[in-house]
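Colleague: The following comprises the amino acid sequence and a computationally predicted model.
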Amino acid sequence: MRFGAAVLRAYDAEFGVEEVLLHSGPAADEVLVEIAGCGMCRTDLAVRRSAGRSPLPAVLGHEGAGVVVETGGPGTGLGAGDHVVLSFDSCGRCRSCLNAAPAYCDTFAPLNLFGGRAEHAARFTDAAGGALAPRWFGQSSFARYAVVPARNAVRVDPALPLELLGPLGCGFLTGAGAVLHSFAAGPGDTLVVLGAGAVGLAAVMAATAAGVLSVAVDRHPERLALAERFGATPLPAAAPDLPGRIRRLTDGGACYALDTTAAARLINDALHALRPTGHLGLVARLGTALPLEPGALDRGRRISHICEGDAVPGLLIPRLTGLWRAGLFPFDELIRTYPLAAVNEAERDCEAGRVVKPVLIPDPY
């Protein structure tokens, strides 16, 4: 079958929307999905800075949602017509996967970031038959269709706004999962969120839904205004004595901190703002060594990396849609939609901070 997709051919080039070919249908453990919408995540854009480790040319996109068109067989547990949200890939067999921690799959990096599954790689080409990189995050969903492992696809209620649900598979899942799973925060707990982008604002919404008092730190007034609307106390990143101000706002120090910025100064400020035994979670990938200031890890404070919100997507995504229906997780207010043909405009708006979460809508959905 032939269909349109956004192809990135060089690390410093724009996306090109072109015709691609799928030479065979889904294997026994796969499903073919018609994409209704796909979120644009900063991990997609980070391919440009991957030092060549992510192979090109490729169809990116890993926050897809759509309708199952065909399955590889009854073992998928899905059927044609099912509405699904697509999440990250995992092997399903390693110790982490068997321990309900698929984000820490032994093969997470090669499956999602550096080449995808080797099986059936040649079935996906450009119009001239030229090879495209195997699936990005098990999806490559900047396209009208995607063939995905069934374990990546989470069935959702068809009454939900399908074209907006894709970011629940990664960005919103990461922020909300950090609060609800990694920290297991609840009423009476306190949280500081560094960076009020898609992940940070999802964390704020989840914190409010869970009865957690939150403080949001960002350098953009409009992002702080959003955080305040979703229940957080806003605090400019340039505020003097940031740790002291956070401690005063959180009654002696935050129980938890979530950093989405990878900024060394803010990470150290967050550690100093934690109460004894507090936990700082990092979701952004650090590009350089992280210098820790004296005393930053005193009194039982700890720091860890959080991947995909420690989530099992099949459990957390339905929980988040339930919170949305209850008016407690209004993720749709962060989304602006673009036609797939406007993928480069969406990227520019995302990089400039003009939009929190772009979602690409393939034609003719």
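Modeller: Yes, it's here.
Colleague: quick one, helices of this structure?
Modeller: Along the chain, counting by DSSP state H, helices occupy 42-45, 95-98, 108-112, 171-177, 198-209, 221-229, 242-249, 264-273, 313-325, 343-352.
Colleague: Show me what counts as buried in the third one.
Modeller: Put plainly, it is helix 108-112. 108, 110-112 (16 or more other C-beta atoms under 10 Å). In short, each C-beta sits where N, CA and C put it, glycine included.
Colleague: ok so, going back, wait, which of the helices of the chain is closest to Asp126?
Modeller: Of all those, it is helix 343-352 that lies closest to Asp126, at 16.2 Å by C-beta to C-beta.
Colleague: Give the other helices and strands that that closest one contacts.
Modeller: Identification of packing neighbours for helix 343-352 by 3 or more C-beta pairs under 8 Å, 6 or more residues apart in numbering; DSSP states H and E yields helix 42-45, strand 335-339, strand 357-361.
Colleague: now those as CSV including distance to Glu222 and mean neighbour count?
Modeller: CSV is the format used below for the helices and strands packed on helix 343-352 (distance: least, C-beta to C-beta, whole Å; neighbours: other C-beta atoms under 10 Å):
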stretch, distance to Glu222, mean neighbour count
helix 42-45, 18, 19
strand 335-339, 13, 17
strand 357-361, 14, 25
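Colleague: closest one to Leu160 among the helices of the chain?
Modeller: Taking C-beta to C-beta, helix 313-325 is the member of the helices of the chain nearest to Leu160, at 5.9 Å.
Colleague: How about residues contacting that closest one?
Modeller: By C-beta atoms under 8 Å, 6 or more residues apart in numbering, the list of residues contacting helix 313-325 from outside reads 85, 87-88, 102, 152, 154, 156-157, 160, 165, 168-169, 172-173, 176-177, 180-181, 206, 209, 309, 329-332.
Colleague: which non-adjacent residue is nearest Ala257?
Modeller: Ala270 (4.0 Å; C-beta to C-beta, 6 or more residues apart in numbering).
Colleague: Dump stretch 149-159 to PDB, restricted to CA.
Modeller: Extracted as PDB, the C-alpha positions of stretch 149-159 are listed here (Å, rounded to 0.1, in the frame of the first residue of the first chain):
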ATOM      1  CA  PRO A 149       3.700  -4.500  17.700                       C
ATOM      2  CA  ALA A 150       0.300  -5.200  19.300                       C
ATOM      3  CA  ARG A 151       1.900  -4.900  22.800                       C
ATOM      4  CA  ASN A 152       2.400  -1.200  22.000                       C
ATOM      5  CA  ALA A 153      -1.200  -0.600  21.200                       C
ATOM      6  CA  VAL A 154      -3.700   0.300  24.000                       C
ATOM      7  CA  ARG A 155      -7.400   0.000  23.200                       C
ATOM      8  CA  VAL A 156      -9.400   3.000  24.200                       C
ATOM      9  CA  ASP A 157     -13.100   4.000  24.200                       C
ATOM     10  CA  PRO A 158     -14.200   5.000  20.700                       C
ATOM     11  CA  ALA A 159     -16.200   7.900  22.200                       C
END
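Colleague: So for it, mean pLDDT?
Modeller: Averaged across stretch 149-159, pLDDT comes to 96.
Colleague: How about stretch 58-65?
Modeller: 96.
Colleague: so how far is the first residue of it from its last?
Modeller: For stretch 58-65, the first-to-last residue distance is 19 Å (C-alpha to C-alpha, to the nearest Å).
Colleague: which of the residues in it are buried?
Modeller: Buried, per 16+ other C-beta under 10 Å, within stretch 58-65: 58-65.
Colleague: for stretch 201-216, the distance to its chain's centre please.
Modeller: 17 Å (C-alpha atoms, centre = their mean, to the nearest Å).
Colleague: likewise stretch 43-58?
Modeller: 16 Å.
Colleague: buried ones in it?
Modeller: For stretch 43-58, by 16+ other C-beta under 10 Å, it's 43-44, 47, 54-58.
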